[in-house]
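Trainee: structure of the sequence below:
(chains A and B)
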Amino acid sequence: MNYAEFLGMGAEMTLMVVIILLFIYDTFAPSKCGKYLPITAITLLGIQTLYLAFGNFADVSLFGGMYISGSAEQVAKIILNIGTILVFIQAASWVKDGDMQIRRGEYYVLTLITLLGMYFMMSAQNFLLFFLGLETASLPMTALVAIEKYKQNSYEAAAKYLFFAVFSSALMLLGMSYIYGVTGTLYYNGILSNITASPLTILAVVLFIAGMGFKLSLVPFHLWTADVYQGAPTVVTSYLSVISKGAAAYAFMMVLKDAFGTADLVWLTVMYAIIILTITVGNLFAIRQQNIKRFLAFSSISQAGYIMLGIMACNAHGATSLLYYVLVYIFSNIAAFAVAGAIERASGKLNISDYDGLYKTNPKLSVAMMLAMFSLAGIPPFAGFFSKFFIFYSAIETGTTGMYILVFIALLNTIISLYYYLLVVKAMFLKDSEAPIATIKSDGYTKAVVFITVAGIILLGLVSWVYDYIYGMVI
Amino acid sequence: MEIPFIYYLIVSGVMFFAGVYGFIARRNMLAILISLELMLNAVDINFAVFNRYLYPGAMEGFFFTLFAIAIAAAETAIAIAIIINIYRNIKNIKSDNLDKMKN
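Mentor: Numbers count the residues shown, from 1 in each chain, chains lettered A, B, ... in the order given. Got it, this is the predicted structure:
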């Protein structure tokens, strides 16, 4: 075995160095240095992101083709890193208080380990590596959901998340085992050349899609989402809803494209139905939610449906618009969660009806929340409009009638989603309240994350260079 | 006489769906965990059998089984930790009691 191959995994190796450094810092630094841990984590991850963005990486294929890393994977990893840094900034004010102080080291290290798992999942060209990455991402995630272990919401969410994650893994593994039985290999390219649309293969592909559907919270596998998103600490929820969803979507696209590409495109029909269900059900249930975190959970279900549209196109524009959508979604959703988290920490209130009259007392937070909602709904000129535009464009580009109908249904759903996103805006700006939430004095970290995400929401769409850059990397 | 490999697949199929049934029907979290283990082990049998009977030249299936066993162990450790935490807080491990978040 050639150990030099490990050095070819530039992104993973540097992230491992970051994890080890943080772990050493958390374990051995004197306790009065503990309060610098968040800023250390943000700095180290920032340096690693810059290294990924500007370092000189060749396209590699390692371990007999199990692992690949080209410029497309590179840009996907950079996008995930940007999101993780934003979540870390958001978390910095959360890990200061009370109980969380002694667990902040665990929080940062576990989050980075899930990120490492997602890296492997996205770079995998073999089901074994894919599965290992997936579990490396989802098992520490359970611990993160349970990190506020004396709150019932937190451990309840953790139990649900764990049981559903393992159940979906088992379904996916059964699918993989049948694929292995039919094709005799676990490498994507070997499967692609051996796979035919036999009944057993179709069963296997459907089982695999069901397993991934749980991870991505696609309807009808979405039932855990609302409870877990509500119960987990807000910072963990925002990580779970953007980063892990984005990574899973990219890895899912790689599997469908590289491994199941030709199985007479059975998966295309399955995904077609799943996307329509996901977008519609997610939207309809979001309308009746009272709790802002449950509301964002259902909104994220329907957003996952839009992300899946990028998979359907099966070309470079599809992959680009998927990554671009994830990037924009990271900024919009983290902005919403940052505002919700700041309000929750200051007042303990999480219901949309509590937001009545928020504009009078907290104008800046209200405007940030409004922009996030506009971007999620896809109102021009904010970034969300452009990401939806590109993803619809990539689907239309295939030119089949079925795809036109799919995009039409997705468009109708955008209008429904506009209604419930604007409900939040209406509560903040138009409604009056006897006792609105008092003016919140937020700390520097919250200000920073809200400022960066709002800047991202406004600029990402207008700066067309971003889409072109991703397209140039993917192609 | 060697056992034809279809019988192994029947055993693993029965195990898997017994696990699915247990996952849905049981109310004790440890029983749910055992059902999940049953499902994962059924898949391990599948991989080992496919490798042994259909593709004896390579070792991919066996290795996948080994890794899957390790992952299942890690998952059990986390599940037990969470179940103990729940027991400490509410003094039982019935999944019916985890319904605080319904609207």
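Trainee: which strand or helix spans the residue sitting nearest the centre point of chain B?
Mentor: Central residue of chain B (CA atoms, centre = their mean): residue B:37, 2.3 Å from the mean position. Assigned by DSSP states H and E, residue B:37 belongs to helix B:29-49.
Trainee: pull out the buried residues from that helix.
Mentor: B:29, B:32-33, B:35-49 (16 or more other CB atoms under 10 Å in any protein chain shown). Yep, even glycine has a C-beta here, placed from its N, CA and C like the rest.
Trainee: and chain A, which of these contact it?
Mentor: Restricting these to those within reach of chain A (CB under 8 Å from any CB of the partner chain) leaves B:29, B:32, B:33, B:36, B:39, B:40, B:42, B:43, B:46, B:47.
Trainee: how far away is the second one from residue B:93?
Mentor: Noted for residue B:32: a distance of 9 Å to residue B:93, by CB to CB, to the nearest Å.
Trainee: repeat that for the last one.
Mentor: In this structure, residue B:47 lies at 31 Å from residue B:93, with CB to CB as the measure.
Trainee: so how far is the strand or helix carrying residue A:68 from its chain's centroid?
Mentor: Using DSSP H and E, residue A:68 maps to strand A:67-69. In terms of CA atoms, centre = their mean, to the nearest Å, the gap separating the centre of strand A:67-69 from the centre of its chain is 21 Å.
Trainee: is that strand positioned near chain B?
Mentor: No: shown here: strand A:67-69 not in contact with chain B (CB under 8 Å from any CB), separated by at least 15.1 Å.
Trainee: what average pLDDT does that strand get?
Mentor: Averaged over strand A:67-69, pLDDT sits at 91.
Trainee: remind me what that strand packs against, helices and strands.
Mentor: On a contact count with 3 or more CB pairs under 8 Å, 6 or more residues apart in numbering or on different chains; DSSP states H and E, strand A:67-69 meets strand A:60-62, helix A:104-123.
Trainee: which helix or strand lies directly C-terminal to that strand?
Mentor: Taking DSSP H and E, what comes next after strand A:67-69 is helix A:71-94.
Trainee: tell me how far that following helix lies from the chain's centre.
Mentor: Counting by CA atoms, centre = their mean, helix A:71-94 comes out at 10 Å from the chain centroid.
Trainee: and it, what does it pack onto?
Mentor: Where contact means 3+ CB pairs under 8 Å, 6+ apart, helix A:71-94 is packed against helix A:10-28, helix A:37-54, helix A:104-123, helix A:234-239, helix A:245-258, helix A:316-347, helix A:444-462, helix A:465-474.
Trainee: got the contact list for the shortest one?
Mentor: Judged by CB atoms under 8 Å, 6 or more residues apart in numbering or on different chains, the contacts made with helix A:234-239 from elsewhere in the structure are A:83-84, A:87, A:90-91, A:94, A:111, A:114, A:144-145, A:147, A:228-230, A:293, A:296-297, A:333-334, A:337-338, A:340-341, A:344.
Trainee: what is the burial count for the residue of the stretch 251-400 of chain A found nearest chain B?
Mentor: Closest to chain B within the stretch 251-400 of chain A is residue A:290: 6.8 Å, counting by CB to the nearest CB. The local packing of residue A:290 (other CB atoms under 10 Å in any protein chain shown) involves 12 other residues.
Trainee: same deal with the one 10 residues further on?
Mentor: Residue A:300 has 28 neighbours, counted by other CB under 10 Å.
Trainee: in space, what's closest to it - neighbours in sequence excluded?
Mentor: In space, and not counting its chain neighbours, residue A:300 is closest to residue A:241: 4.6 Å by CB to CB, 6 or more residues apart in numbering or on different chains.
Trainee: my guess is that neighbour meets residue A:333, correct?
Mentor: Yes: with contact defined as CB atoms under 8 Å, residue A:241 reaches residue A:333; the gap is 5.8 Å.
Trainee: can you name the next helix or strand after the helix holding residue B:37?
Mentor: Per DSSP H and E, helix B:29-49 leads on to helix B:60-90 as the next helix or strand towards the C-terminus.
Trainee: ok, residue A:39 touching residue A:92?
Mentor: Yes: between residue A:39 and residue A:92 there is a contact at 7.2 Å, judged by CB under 8 Å.
Trainee: what about the two, which has more around it?
Mentor: Taking neighbours as other CB under 10 Å, residue A:39 and residue A:92 compare with residue A:92 leading, 24 against 13.
Trainee: you'd agree residue A:282 is up against residue A:298?
Mentor: Yes: here residue A:282 reaches residue A:298: they are 5.2 Å apart, a contact under CB under 8 Å.
Trainee: run through who's touching stretch A:176-187.
Mentor: Residues external to stretch A:176-187 that are found in contact with it (CB under 8 Å, 6+ apart): A:65-66, A:125-128, A:131, A:190-191, A:194-195, A:198, A:200-201, A:203-205, A:207-208, A:259, B:43, B:46-47, B:50-51, B:54-55, B:58, B:60-61, B:64.
Trainee: now the helix or strand harbouring residue A:177 against helix B:29-49, angle please.
Mentor: Secondary structure assigned from DSSP H and E places residue A:177 in helix A:152-183. Computed by axes from the mean of the first three to the mean of the last three CA atoms, to 10 degrees, the angle separating helix A:152-183 from helix B:29-49 equals 20 degrees.
Trainee: and helix A:152-183, how far from the chain's centre?
Mentor: Centroid separation for helix A:152-183 versus its chain: 18 Å, with CA atoms, centre = their mean.
Trainee: next, the angle from it to helix B:60-90.
Mentor: In terms of direction (the same axes, to 10 degrees), helix A:152-183 departs from helix B:60-90 by 170 degrees.
Trainee: list of residues touching the next helix or strand after helix A:152-183?
Mentor: Sequence order places helix A:188-194 as the next helix or strand after helix A:152-183, per DSSP H and E. Helix A:188-194 is contacted from outside by A:65, A:125-127, A:179, A:182-185, A:254-255, A:258-262, using CB under 8 Å, 6+ apart.
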